[in-house]
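Colleague: give me the fold of what follows.
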Amino acid sequence: MGRYKVVPATSSLLSILPPFRRGGGIGIPRQWKVIQTVREKFSCRECEKITQPPAPFHVTPRGFAGTNLLAMVLFEKFGQHQPLNRQSERYRREGIDLSVSTLADQVGACTAALQPLHALIETHVLAAERLHGDDTTVPILAKGKTVTSVTTGSP
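Modeller: Now for the predicted structure:
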């Protein structure tokens, strides 16, 4: 019969219409995951040579932070002007203990890793005939003080 339904009382055919769907936005809290990579070691019984697959790429050598965490910290610091001490406090409230010095080490390692990209962008921008400068100010609150000063948006 296809896409029809028979009403038993009247024996008439009802066509099936598409169902009504309604969606709503839901807030999913930030999720923290620790991804552990297990690399198996293999040994040759004849020559006793041990082999192991290469370690996955890390932005910071021997670093624990994944690319998503590093991107989030850098965006909050440079894009949202959120100081590292406030980020550290927020992470602590979420159950993750990341000290300010650890965050600063990660930011420093990322800026060193991104230096070649910065140089390419700088070369491209400075090759332009004219440059536009934005003098938008950003209010900042010094740590432990009630005095608000003003800084420019550039680092």
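Colleague: hey, let's count contacts and neighbours off CA atoms from now on
Modeller: Noted.
Colleague: which elements pack onto the one helix or strand residue 73 maps to?
Modeller: Taking DSSP states H and E as the definition, one finds residue 73 inside helix 67-74. Judged by 3 or more Cα pairs under 8 Å, 6 or more residues apart in numbering; DSSP states H and E, the packing partners of helix 67-74 are helix 100-113.
Colleague: average pLDDT for the helix it packs on, rounded please.
Modeller: If you average the pLDDT over helix 100-113, you get 93.
Colleague: what about residue 99, distance to residue 62?
Modeller: Note on residue 99: its distance to residue 62, by Cα to Cα, to the nearest Å, is 18 Å.
Colleague: would you indicate which residues of the helix holding residue 73 are buried?
Modeller: Buried residues in helix 67-74, counted by 16 or more other Cα atoms under 10 Å: 70, 73-74.
Colleague: so that helix versus helix 100-113, what angle?
Modeller: If you take axes from the mean of the first three to the mean of the last three Cα atoms, to 10 degrees, helix 67-74 sits at 100 degrees to helix 100-113.
Colleague: contacts for helix 67-74?
Modeller: Helix 67-74 has contacts (Cα atoms under 8 Å, 6 or more residues apart in numbering) with 58-59, 87, 103, 106-107, 110.
Colleague: mind putting the residues you listed into JSON lines with distance to residue 140?
Modeller: Formatted as JSON lines, those follow (distance: Cα to Cα, whole Å):
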{"residue": "58", "distance to residue 140": "33"}
{"residue": "59", "distance to residue 140": "30"}
{"residue": "87", "distance to residue 140": "15"}
{"residue": "103", "distance to residue 140": "19"}
{"residue": "106", "distance to residue 140": "22"}
{"residue": "107", "distance to residue 140": "19"}
{"residue": "110", "distance to residue 140": "23"}
